[in-house]
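Curious how this folds, go ahead:
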Amino acid sequence: MTPENDTPHAALFRRIKDIRFGMLTHRDAQGMLHSHPLTTLNREIDAQAQLYFFIPRGSELHERLAADSQVALSYADPGEDCYVSVSGTAAFIEDAARKEDLWTPMAKAWFPDGPGSPDLVLLAVHIQHAEYWDVPESKLTQLYKMATAAMTGERPKALGEHRELDL
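Modelled structure (predicted):
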């Protein structure tokens, strides 16, 4: 559940910070949707409400985002019953200091020349809208509530939290 004093940025980041990969969805030239798993590089969501990722320059993803910057990101932690959806706009940032700051040892697998690699692009997704679903109840409690709802014909009551955030 969300602490009373959580800002929208903090509420969102608290839910995605431990999820290693987000699925970035974008459109191709014909409007077909495609998704790519990307590692979120943020340590927090900054004042600009942006999420950061490294992608290869000249890749299919790079080309498609240059042509159409509207994207969605999905995060899921089934073990914690937490699901997050983010909508926003993609942009490329040429900032050597920011790349260095966000660099991780795992990124070396994709970019062996390090954060100064000419093939490395810093992708920023400016969050416009986000929503999340949290179910803090135990699996047993969830099953009980769903079984009760199935038997009574009523929707399950108080089965988690759903919020929408405009950032």
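
Tell me which residues touch the spatially closest residue to residue 26 that is not a sequence neighbour, please.
In space, not counting the residues next to it along the chain, residue 26 is nearest to residue 71; the distance is 5.0 Å by Cβ to Cβ, 6 or more residues apart in numbering. The way it works is simple: take the backbone N, C-alpha and C, and place the C-beta from them, glycine included. Under the criterion of Cβ atoms under 8 Å, 6 or more residues apart in numbering, the neighbours of residue 71 are 24-26, 65, 87-90, 125.

could you redo the last one with a cut-off of 7 Å?
When the contact criterion is Cβ atoms under 7 Å, 6 or more residues apart in numbering, the partners of residue 71 are 24-26, 88, 90, 125.

Can I get the helix or strand hosting it as CSV, trimmed to CA atoms?
Using DSSP states H and E, residue 71 sits within strand 70-77. Listed next in CSV are the C-alpha coordinates belonging to strand 70-77 (Å, rounded to 0.1, in the frame of the first residue of the first chain):
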residue,chain,number,x,y,z
GLN,A,70,5.2,7.2,-28.1
VAL,A,71,6.0,4.2,-25.9
ALA,A,72,4.6,2.1,-23.1
LEU,A,73,6.6,0.2,-20.4
SER,A,74,5.3,-2.7,-18.4
TYR,A,75,6.7,-4.0,-15.2
ALA,A,76,5.5,-7.2,-13.4
ASP,A,77,6.5,-8.8,-10.1
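
List the neighbouring strands of that strand plus their orientation.
Each strand paired with strand 70-77, and its direction, by DSSP bridges: strand 21-27 (antiparallel), strand 82-93 (antiparallel).

Which residues does the first one contact?
Read it as strand 21-27. Under the criterion Cβ under 7 Å, 6+ apart, external residues in contact with strand 21-27 comprise 33-40, 64-65, 68, 71-75.

Kindly recompute the last result at 8 Å.
In this structure, residues lying in contact with strand 21-27 by Cβ under 8 Å, 6+ apart are 16, 33-40, 51, 53, 61, 64-65, 68, 70-75, 86, 90, 125.

Alpha carbons of that strand, as CSV, please.
What follows is strand 21-27 as a C-alpha-only set of coordinates in CSV (Å, rounded to 0.1, in the frame of the first residue of the first chain):
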residue,chain,number,x,y,z
PHE,A,21,13.5,-5.6,-16.6
GLY,A,22,10.7,-3.5,-18.1
MET,A,23,9.1,-4.4,-21.4
LEU,A,24,9.2,-1.3,-23.7
THR,A,25,6.4,-1.4,-26.3
HIS,A,26,6.6,0.8,-29.4
ARG,A,27,5.1,0.9,-33.0
